Each structure stands twice: as structure tokens, then as C-alpha cells.
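*Asks:* The amino acid sequence is not available; the structure is as follows:
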């Protein structure tokens with residue numbers, strides 16, 4: 001679509017919405033920013049834009065005459081597609097894009113895109129490093145923190161865009177077609193948004209919907225849904241496995257990651273040479289290596305980058321040691337499955353801080369994964385009573401309820417013995433108490449360092 005002169009409503013005034021409005025302004029469209037919050041601070045929002053174009057801002061109610069004048073709607077990822085106003089846009093016959101679609105339509109080069117319930121950020125950061133070490137023009141964007149729209153106009157024909165794509169962003173793609181895609185795993189998450197597991201799976205699988213037979217999708221062989229999905233898709237399927245040798249694909253055998261093609265078996269790296277801990281991270285490495293190899297990067301270059309890579313901030317991130325107690329920030333553990341991986345990575349008695357915004361998850365499997373490691377479960381946020389009930393049902397009773405994160409950190413410091421770990425791994429989203437998981441992680445680190 002030619003965007004110049006078009007009236008485009010950007011729905012959502014957060015980081016993604018502002019990035020979309022700036023991009024639309026830069027290409028000569030007429031952006032209109034709308035947010036459902038009636039008390040939106042319009043001046044503050046305006047200050048965050050580039051300021052190089054005229055921008056109308058509406059909050060609360062959207063006037064009918066404005067809605068009737070639109071050519072296109074761009075939804076921020078946090079806006080559900082089943083809101084009455086969004087359904088109204090569809091009924092009006094308006095094209096409804098997400099910011100990923102907008103960026104893809106205006107950007108250049110090839111895209112390598114990663115989705116999945118857990119591991120997206122680490123895999124995206126690692127693949128970003130591999131590509132930056134090997135190619136001249138590389139951008140790492142999306143759910144990892146840099147809006148795709150904020151970089152689209154800097155892209156050239158030889159650009160490689162490495163994008164972390166959430167299910168929220170996949171709901172609104174139209175032509176978005178990665179050269180190489182990956183779905184790392186699918187476990188229960190965001191059911192408050194997608195309502196059923198079947199719908200969540202359908203949305204995740206949309207990442208391959210516009211790929212052609214010359215493109216590639218990297219999938220987890222040990223995920224039953226994805227193993228089956230890979231048999232029926234248009235792009236070439238490359239599997240990774242942490243549990244078995246594959247005839248073709250990339251797999252973990254003992255302490256060695258190996259890639260097998262039709263013609264050769266290539267030793268990639270020994271797990272002991274990695275700076276990442278845990279089986280889940282070895283899976284992330286396999287996915288990133290497979291994607292880079294399929295994108296044409298030389299294995300020697302891949303190997304060097306992988307061995308240099310260190311853990312992502314907020315994902316089982318070592319903070320400091322105080323009085324013999326090690327503190328770890330796993331604020332990125334925003335669902336029970338991610339938090340299970342957090343506790344599995346701990347190798348000492350652990351005081352675990354959990355709880356937050358309720359995404360309608362169940363917590364039984366998380367509690368069952370404590371495996372004798374958790375001395376105290378310290379709970380905060382909207383879900384604290386719900387998690388407490390799940391813990392008690394599963395026979396875990398060493399539970400402390402706190403008002404906020406600061407109190408939780410202090411309680412852990414008081415209760416911990418030398419040789420213990422304190423782990424923030426909430427199994428819940430951060431909303432309600434924090435703007436995002438990054439802010440939650442930063443505040444945890446501040447409170448720990450101030451002890």
C-alpha cells in the first residue's frame with residue numbers, strides 16, 4: 001500500500017505506537033494516535049515522538065467522523081483484536097495491520113523471525129550477534145525491546161533483520177514473510193488474550209503463513225505440536241532436538257551439539273564451551289545456529305559468535321552476592337513454563353520470589369518443579385493468593401506473602417542462609433505493579449544492591 005497522504009489510525013500510545021506514528025509521519029502519511037485510556041497525558045506522548053510531523057491524538061472515545069475518514073489502522077501489540085472498536089474497523093472494511101506488518105511493508109532486506117512461548121529473547125539476541133559478526137547491515141528488533149518500526153527506514157537491500165515476534169504481533173500480519181522463521185516451543189500462555197490453547201497455537205503458527213518453498217522454518221522436534229506442524233508446511237522444515245539424534249537437523253548428543261545435513265555431519269560446539277547454562281539454553285543455541293546456517297553464515301563464524309555470547313539481561317541473570325547469598329534476576333520468567341526453567345537452573349537452596357499480573361495460567365507444574373530446591377516461596381502481586389492455594393494443594397507450605405517487591409527482597413535477605421540463592425522468577429506478567437518485565441528486573445537489582 002502506498003502510505004503517502006493516507007489517514008492512518010495508530011491504536012496504542014506506548015513505545016510501539018509512537019514508533020509506528022514516527023514511521024508513518026516520515027513516509028508522508030497522516031498519522032492519528034488513539035489510546036483507550038481517557039486520562040492519557042497527551043503532552044507527554046507528544047514529547048516522545050520525533051516531532052517532525054503533525055499528529056492528532058485522541059484518548060478515550062474516538063469520534064465517529066475520525067473513524068469514518070480512515071484509510072488504514074495500525075494496532076499496537078497490546079491491543080486485543082476482539083475489542084468492539086477493532087471489530088468495527090474490520091466491519092468498516094479497513095485494512096488492520098500490526099506494527100510488524102507496517103515495518104515489513106516499509107523496510108528492505110531479509111527477515112529472520114523467531115517466536116515461541118519461551119526462549120525468544122535469548123535466541124533473538126544470540127542470532128543477532130551471529131549475524132552482526134558475519135554481515136554488514138543487521139538490525140535486532142521486535143519484542144526484544146527495539147520497535148521494528150523505529151529501524152525500518154534505515155534498512156537497505158542487503159540488510160538482515162532479526163526479529164523477536166510475539167503472538168500478539170502475529171495476530172495482525174498480512175504479507176510478513178521471513179526468509180527463515182523459528183517456533184521454539186508452545187506451552188500455555190496468554191490465555192487471557194487468546195482464550196483457548198488452540199487459538200494460541202494457531203496464532204503462533206501464522207509465522208509461516210506467507211513463507212514460500214525456498215524459505216525455512218526451524219522447529220522443536222521435542223514439542224509434539226510443532227513436530228506434527230512441520231510435516232504440513234510450505235517452507236522447508238529444519239528440526240532441533242535436545243533428546244535424540246536426528247537424521248537431518250541439529251541435535252544435542254552428550255555434551256556436543258551436532259548439525260546433520262543431507263551430505264555431512266558437522267560438530268558445532270561443546271556445551272562446556274558456552275557461557276549459557278541449562279538445557280533450555282542449549283535448545284536456544286541450536287535454534288539460532290540452524291537459522292544462521294540456513295541464512296548462509298559460515299559455521300566457523302557461527303561457532304565463534306556462539307562461544308562469545310553471554311546471557312540476556314533479566315533471564316537467570318546473576319546480580320551479586322551478599323553475605324554468601326547469590327541473587328538472580330529472572331524477571332523475563334513471565335509464565336510458569338519459563339519460571340520452571342529458572343528454578344531448574346538453580347544449583348543451591350533457593351528463596352523464590354513469584355507472583356504478578358494474572359494471565360489465567362495454572363501454577364501446579366511450576367510448584368511441582370521445585371524438586372526440593374525451594375526453601376521459601378515469597379509472593380507478591382495480583383496472583384499471590386492464587387499461587388499460594390496452588391502451592392498448598394501440591395504440598396508446599398513455606399509461603400510468605402508480601403505487599404511489594406521491595407518487601408519481598410528484604411524478607412528473602414532476612415531468611416536466607418550463606419550458600420542460598422534468591423531468585424526473582426515470577427511466573428507472571430509484570431503489569432499492574434510495573435510497566436514491563438524490564439522495569440521489574442531493574443527494580444529488583446536496585447533493591448538487592450541497596451541491601
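*Replies:* Received the coordinates, thanks. All of these numbers come straight from a predicted model, not from anything done at the bench.

*Asks:* quick one, strands of the stretch 51-200 of the chain?
*Replies:* According to DSSP state E, counting those that start in this stretch, the stretch 51-200 of the chain carries its strands in the segments 56-59, 72-75, 96-98, 110-115, 138-142, 160-164, 180-183.

*Asks:* For residue 331, find the nearest of these.
*Replies:* strand 160-164 (16.2 Å; Cβ to Cβ). Any C-beta I mention is one placed from the backbone N, CA and C, and that applies to glycine too.

*Asks:* now the strands of the stretch 51-200 of the chain in TSV, with mean neighbour count, mean pLDDT and distance to residue 430?
*Replies:* Below are the strands of the stretch 51-200 of the chain laid out as TSV (neighbours: other Cβ atoms under 10 Å; pLDDT from 0 to 100; distance: least, Cβ to Cβ, whole Å):
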stretch	mean neighbour count	mean pLDDT	distance to residue 430
strand 56-59	16	94	24
strand 72-75	26	96	21
strand 96-98	24	94	22
strand 110-115	27	97	20
strand 138-142	24	95	18
strand 160-164	28	97	17
strand 180-183	28	97	24
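
*Asks:* Export those as a markdown table, with columns for distance to residue 377.
*Replies:* Shown next, in a markdown table, are the strands of the stretch 51-200 of the chain (distance: least, Cβ to Cβ, whole Å):
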| stretch | distance to residue 377 |
| --- | --- |
| strand 56-59 | 40 |
| strand 72-75 | 37 |
| strand 96-98 | 37 |
| strand 110-115 | 30 |
| strand 138-142 | 33 |
| strand 160-164 | 30 |
| strand 180-183 | 31 |
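
*Asks:* Look up how far residue 37 lies from residue 374.
*Replies:* Residue 374 is 38 Å from residue 37, where distance means Cβ to Cβ, to the nearest Å.

*Asks:* swap in residue 69?
*Replies:* From residue 69 to residue 37 the distance is 22 Å (Cβ to Cβ).

*Asks:* Any idea which of the strands of the stretch 51-200 of the chain gets closest to residue 405?
*Replies:* Closest among those, using Cβ to Cβ: strand 160-164, at 25.3 Å.

*Asks:* Pop the domain breakdown of this structure in here.
*Replies:* Split into domains by automatic domain parsing, the chain comes to 7-94, 101-308, 317-449.

*Asks:* TSV please, covering the ones you listed and showing distance to residue 1.
*Replies:* Output for these, formatted as TSV (distance: least, Cβ to Cβ, whole Å):
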stretch	distance to residue 1
domain 7-94	7
domain 101-308	7
domain 317-449	31
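
*Asks:* Now do the SS call for the closest residue in space to residue 59 that isn't next to it in sequence.
*Replies:* Leaving aside its sequence neighbours, residue 59 sits nearest to residue 40 (Cβ to Cβ, 6 or more residues apart in numbering; 3.8 Å). Following DSSP: H, G, I helix; E, B strand; the rest coil, the label given to residue 40 is coil.

*Asks:* So residue 40 versus residue 26, what's the distance?
*Replies:* Residue 40 is 23 Å from residue 26, where distance means Cβ to Cβ.

*Asks:* before we move on, what about residue 61?
*Replies:* Taken as Cβ to Cβ, the span from residue 61 to residue 26 is 28 Å.

*Asks:* and stretch 296-308, average pLDDT?
*Replies:* Computed over stretch 296-308, the mean pLDDT rounds to 97.

*Asks:* what does stretch 319-331 give?
*Replies:* Average pLDDT, stretch 319-331: 94.

*Asks:* Check the offset of stretch 369-378 from the chain's centre.
*Replies:* Here stretch 369-378 is found 26 Å from its chain centre; the criterion is Cα atoms, centre = their mean, to the nearest Å.

*Asks:* thinking again about what came up before, so what's the residue nearest to residue 59 scoring on pLDDT?
*Replies:* Per-residue confidence (pLDDT) for residue 40: 92.

*Asks:* That one touches residue 14, doesn't it?
*Replies:* No: the criterion here is Cβ atoms under 8 Å, and residue 40 misses it with residue 14 at 10.6 Å.

*Asks:* Low-confidence stretches in this structure?
*Replies:* Low-confidence segments of the chain, defined by pLDDT under 70: 188-195.

*Asks:* Many thanks, have a good one.
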